[in-house]
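J.: need a structure here:
(one chain, ligands or ions: 2)
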Amino acid sequence: MGTVEPQAVAGAQAQLTDGFNLVVDAFKLNGIDTIFALPGIPITDLCRLAQAKGMRVISFRHEQNAGYAASIAGFLTQKPGICLTVSAPGFLNGLTALAHATTNCFPMILVSGSSEREIVDLQQGDYEEMDQLAIAKPLCKAAYRVLHAEDIGVGVARAIRAAVSGRPGGVYLDLPGKLLAQTMDAEAGRRSLIKVVDPAPRQIPAPEAVQRALDLLRGAKKPLVILGKGAAYAQADAEIRAFIERTGIPYLPMSMAKGLLPDTHEQSAAAARSFVLPEADVVMLVGARLNWLLAHGKGKTWGAKGPKEWGGQKFVQVDIWPQEADSNVRIDAPVVGDIGSCMQALLAGVGANWPKPPAEWLAAIAERKAKNIAKMAELLAKNPVPMNFHSALAVVRDIVRANPDLYLVNEGANALDFARSIVDMYKPRKRLDVGTWGVMGIGMGYAIAAAALTGQQVIAVEGDSAFGFSGMEIETICRYNLPVCVVVLNNNGVYRGTDVNLGGGTDPAPTVFVKGARYDRLIEAFGGVGAHATTPAELRAAIEQALASRRPTLVNAVIDETAGTESGRITNLNPKSAKK
Ligand code: ADP
Ligand code: TZD
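T.: Ligands and ions are numbered 1, 2, ... in the order given. Okay, the predicted model is just below:
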């Protein structure tokens, strides 16, 4: 299938290629070997051809899940994850994930087939007509359309460079159906392709910016480092660890930065988060934004008097995007560059005589940590009937400790917040979760991508509501026989299962699901292993069995329907009605 049938052109024999082949060749030339797709007009043959030419094509049941898979593939590999969809509705289904990738700074390319330009632009009602390029533009970092086969090389090259250089993000690539069928001379086609040189160039920070940051940190009485998912993405694990250990500064990992250093590291202040944020005097952000997840750097969380006031901390911010600084509060020492280069430069300035942070600061953190860890241990030691989030997640904690290489995918509200604080991570980029938006639906797409790309075992800890957003992909998991164990923490509803209909009618309350649902039976329909767990021992046995067999498994873990709180730890973000 390398080239199309030779055709007689003006009496000579010419080898021809076509748009389909050029698209696949362009991706392959750039080391992209996997596509997350959902076939249909006009891209069915593109899916087939990609597979025929040796790419891995993972075919999904809904484009949104293929898109989430592509987004996390980008996070894990630093290469853009590719999601391939059909036009209008398929494109729109993939768009949520494209926007998610952009918001989370993950490199991804949404490639969608589209209808004929002439008909779309005159709005004449083509099959799946839509001006996709215009719609995608505000939701991604860059958007391109290719109209001629000889421009495919440039289109793919630009898409790759835009996705991974600087602050990574989502890119849209529009491929009209007509383009795919266009033919051109095979040799000219080959020459038109571009192998992108240095797609994510290093960005070296200015020496004076590094010095300013070091001066601020050296003078701190209560320094703190916050590691974000940008730090995890950067794969500068050794430099980050060396900087933290050589300076002795306590650190907080954001959710997806857990495991960058093992969560059990003695400098981790995670168990004393609400103590260190208001107390710290100099805070260094590494690949983390001062967005809602860090209370915008203001208010009570940071020890300020008013909700919009500043707590008096000084901030260092290491980030690749210059405009990130001052987004919420003043950044006293912005260090702009890629995290690897920045951490190397900072490390070089740390030298041998770096003064360790004052002992009182470290002791105060240690004391608070010990208290909170003891409190948590007490909760985890309980064995209530039915299970609650703590007793179920204590099992997952033990299993991750014993299998630190596995991936933990996590979504839900309580299922998310409790897992984040209970389950320690030991290696970088192993915890994959809802990210900046707190979006539901990433679960199965993330699990499929992690398992397909790495061959590692995945455990997906899912709230029962969260699971529903991508649940049909358990067929995909079974079809590709992926080592994924889905654990549904089933408390009969969104957040909890206890709401009542305030109107008094017979309809269930909006947050309540079918009681006692057996999610485990869903996977059995596709040949996977279903397990039903009502105790921690049953849950442990089911997960261990899944790990030993590597078979697609879904464990329905029955959780007390009164356990949990509305929206987990972000109850305060709910506007409340005065009348209920
Ligand atoms: P978290 O939610 O974990 O706090 P965010 O997604 O808010 O993390 O922040 C990630 C930050 O990391 C973004 O501001 C982004 O620009 C930055 N970033 C991503 N990759 C790199 C990199 N290679 N070098 C430097 N900064 C990066
Ligand atoms: N839709 C989307 C796409 N994302 C969302 N975050 C929500 C809706 C709102 N939402 C949350 O923020 S958490 C959640 C929803 C619907 C589900 C919580 O229920 P769960 O988890 O069963 O998944 P817990 O453990 O029972 O809280």
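
J.: From now on I want contacts and neighbour counts done on CA atoms only, so please keep to that.
T.: Will do.

J.: Just give me the longest helix of this protein.
T.: Scanning the chain for the helix with the most residues, using DSSP state H, yields helix 359-381.

J.: mind listing what's buried in the helix or strand following it?
T.: Read in the C-terminal direction, the helix or strand following helix 359-381 is helix 389-402, with elements assigned using DSSP states H and E. Along helix 389-402, these residues count as buried under the neighbour rule (16 or more other C-alpha atoms under 10 Å): Phe389, His390, Ser391, Ala392, Leu393, Ala394, Val395, Val396, Arg397, Ile399, Val400.

J.: Poorly predicted segments of this structure, please.
T.: Within the chain, the set of residues satisfying pLDDT under 70 comprises 1-13, 579-580.

J.: need the residues of it near ligand 2, please.
T.: Proximity of the chain to ligand 2, by C-alpha under 6 Å from any ligand atom, involves residues 412-415, 438-440, 463-466, 491, 493-496, 567-568.

J.: Please convert the buried members of the residues you listed into PyMOL selection syntax.
T.: Once 16+ other C-alpha under 10 Å is used to decide burial, the buried members of those can be selected in PyMOL as follows:
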select buried, resi 412+413+414+415+439+440+463+464+465+466+491+493+494+495+496+567+568
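
J.: Tell me the one among the buried residues of helix 389-402 nearest to Leu260.
T.: Taking C-alpha to C-alpha as the measure, Val400 is the one of the buried residues of helix 389-402 closest to Leu260, at 14.9 Å.

J.: State whether the closest one and Val423 are indeed in contact, as I suppose.
T.: Yes - the pair formed by Val400 and Val423 meets the contact definition of C-alpha atoms under 8 Å, at 7.4 Å.

J.: circling back to that earlier point, which of the buried residues of helix 389-402 sits closest to Pro322?
T.: Within the buried residues of helix 389-402, proximity to Pro322 (C-alpha to C-alpha) peaks at Val400, which comes in at 37.0 Å.

J.: Tell me the spacing between the closest one and Leu539.
T.: Taking C-alpha to C-alpha, to the nearest Å as the criterion, Val400 is separated from Leu539 by 14 Å.

J.: before we move on, back to that, from the contact counts, what lies against the longest helix of the chain?
T.: If you count contacts as 3 or more C-alpha pairs under 8 Å, 6 or more residues apart in numbering; DSSP states H and E, helix 359-381 packs onto helix 273-279, helix 389-402.

J.: who's in contact with it?
T.: Under the contact criterion C-alpha atoms under 8 Å, 6 or more residues apart in numbering, helix 359-381 has outside partners Lys221, Lys222, Pro250, Ala269, Ala270, Ala271, Ala272, Phe275, Val276, His390, Ser391, Ala394.

J.: In JSON lines: these, plus distance to Lys430.
T.: Formatted as JSON lines, these follow (distance: C-alpha to C-alpha, whole Å):
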{"residue": "Lys221", "distance to Lys430": "33"}
{"residue": "Lys222", "distance to Lys430": "30"}
{"residue": "Pro250", "distance to Lys430": "21"}
{"residue": "Ala269", "distance to Lys430": "19"}
{"residue": "Ala270", "distance to Lys430": "17"}
{"residue": "Ala271", "distance to Lys430": "19"}
{"residue": "Ala272", "distance to Lys430": "22"}
{"residue": "Phe275", "distance to Lys430": "26"}
{"residue": "Val276", "distance to Lys430": "25"}
{"residue": "His390", "distance to Lys430": "21"}
{"residue": "Ser391", "distance to Lys430": "22"}
{"residue": "Ala394", "distance to Lys430": "18"}
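
J.: Show me which pair in the residues you listed is furthest apart.
T.: Checking the contacts of helix 359-381 against each other with C-alpha to C-alpha, the farthest-apart pair comes out as Lys221 and Ser391, at 38.8 Å.

J.: Enumerate the residues of the stretch 301-450 of the chain near ligand 1.
T.: Those residues of the stretch 301-450 of the chain that sit near ligand 1, judged by C-alpha under 6 Å from any ligand atom, are Asp319, Ile320, Trp321, Gly337, Asp338, Ile339, Thr436.

J.: Among these, the buried ones, what's the ChimeraX command?
T.: To isolate the buried ones among those in ChimeraX, judged by 16+ other C-alpha under 10 Å, type:
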select :319,320,337,338,339,436
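
J.: Just name the closest of the residues of the stretch 301-450 of the chain next to ligand 1 to ligand 2, please.
T.: Taking C-alpha to the nearest ligand atom as the measure, ligand 2 sits nearest to Thr436 out of these, at 10.5 Å.

J.: ok, back up a step: now tabulate the helices and strands packed on helix 359-381 in JSON lines and tack on distance to Cys140.
T.: Converted to JSON lines, the helices and strands packed on helix 359-381 look like this (distance: least, C-alpha to C-alpha, whole Å):
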{"stretch": "helix 273-279", "distance to Cys140": "32"}
{"stretch": "helix 389-402", "distance to Cys140": "35"}
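
J.: With Thr562 as the reference, name the closest of the ones you listed.
T.: The minimum distance between Thr562 and these falls on helix 389-402, with 10.6 Å, by C-alpha to C-alpha.

J.: who does the closest one touch, helix- and strand-wise?
T.: Under the contact rule (3+ C-alpha pairs under 8 Å, 6+ apart), helix 389-402 is packed against helix 359-381, helix 414-422, helix 536-549.

J.: What angle do helix 359-381 and that helix make with each other?
T.: Between helix 389-402 and helix 359-381, the angle formed by their directions is 110 degrees, by axes from the mean of the first three to the mean of the last three C-alpha atoms, to 10 degrees.

J.: For helix 389-402, output the C-alpha coordinates as PDB.
T.: Taking Å, rounded to 0.1, in the frame of the first residue of the first chain, the C-alpha atoms of helix 389-402 are listed here in PDB:
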ATOM      1  CA  PHE A 389     -13.500   5.800  50.600                       C
ATOM      2  CA  HIS A 390     -10.800   5.400  53.200                       C
ATOM      3  CA  SER A 391     -11.000   1.600  53.600                       C
ATOM      4  CA  ALA A 392     -11.200   1.000  49.900                       C
ATOM      5  CA  LEU A 393      -8.400   3.400  49.000                       C
ATOM      6  CA  ALA A 394      -6.200   1.900  51.700                       C
ATOM      7  CA  VAL A 395      -6.200  -1.200  49.500                       C
ATOM      8  CA  VAL A 396      -5.200   0.800  46.400                       C
ATOM      9  CA  ARG A 397      -2.500   2.500  48.500                       C
ATOM     10  CA  ASP A 398      -0.900  -0.800  49.500                       C
ATOM     11  CA  ILE A 399      -1.100  -2.100  45.900                       C
ATOM     12  CA  VAL A 400       0.600   1.000  44.400                       C
ATOM     13  CA  ARG A 401       3.300   0.800  47.100                       C
ATOM     14  CA  ALA A 402       4.000  -2.800  46.100                       C
END
